[in-house]
Each structure stands twice: as C-alpha cells, then as structure tokens.
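**Student:** what's the 3D shape of this:
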Amino acid sequence: RVIISYILKKPPFTAYDSFIIDIGNRQNIKKGDGVYVYGNILIGEIDEIIQNTSRVKLYSSYGQKYDVLIGDKNIQSTATGRGGGSFEIIIPRDLKVYEGDIIHIPNISNSVFGTINKIITDPARAFSTVLFSQPINIYEQKWVQIYEKTDSN
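**Tutor:** Below is the predicted model of the structure:
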C-alpha cells in the first residue's frame, strides 16, 4: 500500500536531514516504512510516529551507512551519508565506475538511490572516493510517498 503525505516541516525547521510529515498512527504506518519521491527515488524511512505526524529520517544523514550497488555491473559497496542528500563511497581505485552511474539499494531493483557526481582518485592511494547524490533536491520536495513494509520486504 502506498500513502501520499505532505511534508509539514523540513530543515532548517527540523533536525538536519529529517522531515515531519502529516500522517501518523491513524494511517497504520510503521517505523522503517520506506519514503520515496516521484514513486521510485528512495530518500529515507519512517523513524518516529506520533498520533497525526511522523518523522522521516533521510538516508543522507551524516555518518549513516547503507549497502549499495553501483552501476550496470552491480558493484557492491557501502555508502556513507554526508548530509543534505549527498553520500560517499570508498572503493578500490581499479574498479570501473563512472560519473553518471546509477546507485541502487540491494533488493529494491527499480528504485534509484543516487547518481555518481564525482570520482576522486589519487595515484598515491589504492582507493578512490566516489561522491554521489540523490537525483532530486530533497529540500525542494512538497510531497512524499510511504511504501508500507510487509513481512516479505
């Protein structure tokens, strides 16, 4: 089941990298339900539920870590939130990833998580830093979609 919700508050009127939305206990949402924009861009999850409102924790929150798949070859790695809709991934320098490659979260094959913006490579280091962001500005959003978690996902 998908529920459309209006964003009541967002930064700077909430804690950094969180939204307050206009649905809560009465709509039977649960902590951990996925929060999307445009139907297929995963931006966060329900973190706290109050009677008529809920807090959405954005995945880009600083220091948060998520397993991701990079590009068409589905290279597994871990993304770390940098805040404001941006992330970084540290990968071996020899892996072939490119600016513009799409980042996905495992088990959510049709959902876009982000797009590579920049790859920082230093010949003296064995690893590269991949910087990516979500393909939308999370702070310009007015509505989100909540996908209820089921026992199978």
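**Student:** do you know how far the residue in the chain sticking out farthest from the centre is from Arg93?
**Tutor:** What lies farthest from the middle of the chain is Ala124; by Cα atoms, centre = their mean that is 31.4 Å. Plainly put, Ala124 is 10 Å away from Arg93 if you go by Cβ to Cβ, to the nearest Å. All C-beta spots, glycine's among them, are computed from the backbone N, C-alpha and C.
**Student:** same deal with Ile3?
**Tutor:** Using Cβ to Cβ, Ile3 is found at 43 Å from Arg93.
**Student:** ditto for Ser77
**Tutor:** Counting by Cβ to Cβ, the gap from Ser77 to Arg93 is 13 Å.
**Student:** now do Gly85
**Tutor:** If you measure Gly85 against Arg93 using Cβ to Cβ, the figure is 26 Å.
**Student:** so for these two, which residue has more residues nearby?
**Tutor:** Gly85 (20 against 13; other Cβ atoms under 10 Å).
**Student:** for the more buried one, what are its contacts?
**Tutor:** Contact partners of Gly85, counting by Cβ atoms under 8 Å, 6 or more residues apart in numbering, are Ile43, Leu58, Ser60, Ser133, Gln134, Ile136, Asn137, Ile138, Tyr139.
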